[in-house]
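1. Kindly generate the corresponding structure for this input.
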Amino acid sequence: MKTTSLNIKTNLIFTPIRKYGWIFTLLIAIVGLYIPKIGLLVIPVMLLLTSMAFFKGRFWCGNFCPHGSLFDSLLYPLSRNMKIPKFFKSKIFVSFFFVLFFYKLISKFIEVFAITGTVSFWDKLGFIFVSSYLMVIIVGGSLSIIFSSRTWCNFCPMGVLQTLAYKLGKFLKINKSTDKKITISKPEKCITCGKCARVCPMQLTPHNNFSDKNQYDSEKCIRCSTCIENCPVGILSLDNEKKA
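-> Numbers count the residues shown, from 1 in each chain. Down below sits the predicted model:
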């Protein structure tokens, strides 16, 4: 018997960055094979996404990530849009992949820094990021088509890094005013249609999990505003706790 999905396809692109950000991914992964130094452009990207996460959670994932743009803009129309297997969301797998990824990354850094000062140093350093981006295109792209567009994002090491930074920001209480979450303005008007869950690229369920402050507190939420754009009664927004 063929498995069907309750998820429905809708528009995921709301800004030029989200529509064309994939160009950066292909630039690094493909052009980088011939000009490895171009991979060094990933360093400021990693610093920026980690810094942003302290204040805004995984906002980068849903609004600026070039990989996310690739999944949403180019691969989403090809995706089967099926339910993401629980395996890819499990804490054990997510933790294992995070540790494995950074173990491999650090090992490569150690090898490259051993040849600091040589002619090939910058090429080899840049190629570390080129190969990483190429891996995401192959693995993440395949999962995007086979299952759902944002399958990779459920165990993405950069996503996990952002979550950890976000947790630290909350612990230090420095992101209370900057952290914008999905907010429901008038809960009594919700018709419990579940459309916010059916269009969510991360396959989360906001309508079942609003806090007593009328906010969706999931750290997995990428703040992409897809549920806001698709709410049939227009009662969802992206606001901080004070405004909520």
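2. Name the nearest residue to the residue nearest to the spatial centre of the chain, sequence neighbours excluded.
-> With distances taken as Cα atoms, centre = their mean, Cys61 lies nearest the centre of the chain, 3.2 Å away. The shortest distance from Cys61 to any non-neighbouring residue, by Cβ to Cβ, 6 or more residues apart in numbering, is to Ile222 (4.0 Å). Heads up, the C-betas are built off the backbone N, CA and C, glycines and all.
3. how close does the one you found get to Ile43?
-> 22 Å (Cβ to Cβ, to the nearest Å).
4. In terms of neighbours, single out the busier of these two.
-> Neighbours were tallied for Ile222 and for Ile43 using other Cβ atoms under 10 Å; the higher tally belongs to Ile222 (24 against 12).
5. Spit out the contact partners of the more buried one.
-> Residues counted as contacts of Ile222 (Cβ atoms under 8 Å, 6 or more residues apart in numbering) are 58-59, 61-63, 68, 150, 153, 201-202.
6. go again using 6 Å as the cut-off
-> Each residue near Ile222 by Cβ atoms under 6 Å, 6 or more residues apart in numbering is listed here: 58, 61-62, 202.
7. Using the three-state scheme, assign it.
-> coil (DSSP: H, G, I helix; E, B strand; the rest coil).
8. ok, back up a step: which of the contacts of Ile222 are buried?
-> For the contacts of Ile222, a burial check counting by 16 or more other Cβ atoms under 10 Å picks out 58, 61-62, 202.
9. Among the contacts of Ile222, find me the one that's closest to Lys242.
-> Minimum distance to Lys242 across these is 20.6 Å, recorded for Arg58 (Cβ to Cβ).
10. give me the number of residues near Ile106?
-> Neighbour count of Ile106, defined by other Cβ under 10 Å: 10.
11. Tell me which other helices or strands the longest helix that the chain contains touches.
-> Ranked by number of residues, the top helix in the chain under DSSP state H is helix 91-113. If you count contacts as 3 or more Cβ pairs under 6 Å, 6 or more residues apart in numbering; DSSP states H and E, helix 91-113 packs onto helix 121-135, helix 157-171.
12. Dump those to JSON lines, plus distance to Leu49, mean neighbour count and mean pLDDT.
-> Output for these, formatted as JSON lines (distance: least, Cβ to Cβ, whole Å; neighbours: other Cβ atoms under 10 Å; pLDDT from 0 to 100):
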{"stretch": "helix 121-135", "distance to Leu49": "13", "mean neighbour count": "19", "mean pLDDT": "97"}
{"stretch": "helix 157-171", "distance to Leu49": "6", "mean neighbour count": "18", "mean pLDDT": "97"}
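13. which one of those helices lies closest to Ile92?
-> helix 157-171 (13.0 Å).
14. Beyond that closest one, next helix or strand please.
-> The first helix or strand that comes after helix 157-171 along the chain, using DSSP states H and E, is strand 181-184.
15. Could I have the CA atoms of that next one written out in CSV?
-> The C-alpha trace of strand 181-184 is given here as CSV (Å, rounded to 0.1, in the frame of the first residue of the first chain):
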residue,chain,number,x,y,z
LYS,A,181,9.2,33.3,17.7
ILE,A,182,6.0,32.2,16.0
THR,A,183,3.3,34.0,17.9
ILE,A,184,-0.5,33.5,17.9
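16. quick one: average confidence on that strand?
-> Strand 181-184 shows a mean pLDDT of 96.
17. which residues are contacting that strand?
-> Taking Cβ under 6 Å, 6+ apart as the rule, strand 181-184 contacts 206, 210, 214-216, 235-237, 239, 244.
18. Just put the residues you listed in JSON lines and tack on pLDDT and neighbour count.
-> Formatted as JSON lines, the contacts of strand 181-184 follow (pLDDT from 0 to 100; neighbours: other Cβ atoms under 10 Å):
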{"residue": "Pro206", "pLDDT": "92", "neighbour count": "23"}
{"residue": "Phe210", "pLDDT": "91", "neighbour count": "19"}
{"residue": "Asn214", "pLDDT": "93", "neighbour count": "17"}
{"residue": "Gln215", "pLDDT": "95", "neighbour count": "22"}
{"residue": "Tyr216", "pLDDT": "95", "neighbour count": "21"}
{"residue": "Ile235", "pLDDT": "96", "neighbour count": "17"}
{"residue": "Leu236", "pLDDT": "96", "neighbour count": "22"}
{"residue": "Ser237", "pLDDT": "96", "neighbour count": "16"}
{"residue": "Asp239", "pLDDT": "95", "neighbour count": "16"}
{"residue": "Ala244", "pLDDT": "80", "neighbour count": "17"}
